[in-house]
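Colleague: Output the structure for:
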Amino acid sequence: MTDMEVTRIKVGGQATGIIGLKQALEAVSAEAGDRSDNDIKEELVKRLSKNNYIAAKTRDMYGKAFLREYKKFLGQPFDEEISGGIEIKVLGQGCPRCRQLTQDLMGLIAETGINADLEHVTDIKAIASYGIMGSPGLVINGKVVSVGSVPPKAKLKELVLNAAKA
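Modeller: Residues are numbered from 1 along each chain as shown. Purely as a prediction, here's the structure:
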């Protein structure tokens, strides 16, 4: 087996490591043509089942997650999977402002007790999929809410509390 990277994606609301996702997305996109979403989903499950355990009863859930990642990979519109709480992503390659925003959000989540999944996205292609040019970027429940600066803590609290109410 060649060295394949592990990519963390949401499957059924849970962060899950998938071996070889990038390679499968590249291969299927090169061969897909005008195949239906269902055919693409099935092909991705088939390919990724070789290096990842996917139980029979979870195949559809994994298929939906793989199709979402495929659409993201192609830059097509996709439905972001939301876990039980709110999903917060800081987009940036790790500059001091990005780290500060992540730390501010961690403190805010702890302070408010809100059920939130916080992720710092550093992969440039994943960042680009949101269409932002500045960093840090802040995405709450799949919607870009801030780009290019660290919002004041009061504004962050307002954004997070509003998302939690929605």
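Colleague: just checking, what packs against the strand or helix carrying residue 41?
Modeller: Assessed by DSSP states H and E, residue 41 sits inside helix 37-48. Helix 37-48 sits against helix 21-31, helix 59-74, with contacts defined as 3 or more C-beta pairs under 8 Å, 6 or more residues apart in numbering; DSSP states H and E. Every C-beta, even on glycine, is put in place using the N, C-alpha and C of the backbone.
Colleague: Next, count neighbours for residue 79.
Modeller: Residue 79: 10 surrounding residues under other C-beta atoms under 10 Å.
Colleague: coming back round to it: most tightly surrounded among the helices and strands packed on helix 37-48?
Modeller: helix 59-74 (a mean of 19; mean count of other C-beta atoms under 10 Å).
Colleague: What lies in contact with the helix or strand following that helix?
Modeller: Where DSSP H and E defines the elements, the next helix or strand beyond helix 59-74 is strand 86-91. Residues outside strand 86-91 that contact it (C-beta atoms under 8 Å, 6 or more residues apart in numbering) are 80, 98, 101-102, 105, 109, 114-121, 126-127, 130, 132, 135-142, 160, 163-164.
Colleague: Strand partners (parallel or antiparallel) of strand 86-91?
Modeller: Strand 86-91 pairs in its sheet with strand 116-121 (parallel), strand 137-140 (antiparallel), by DSSP bridges.
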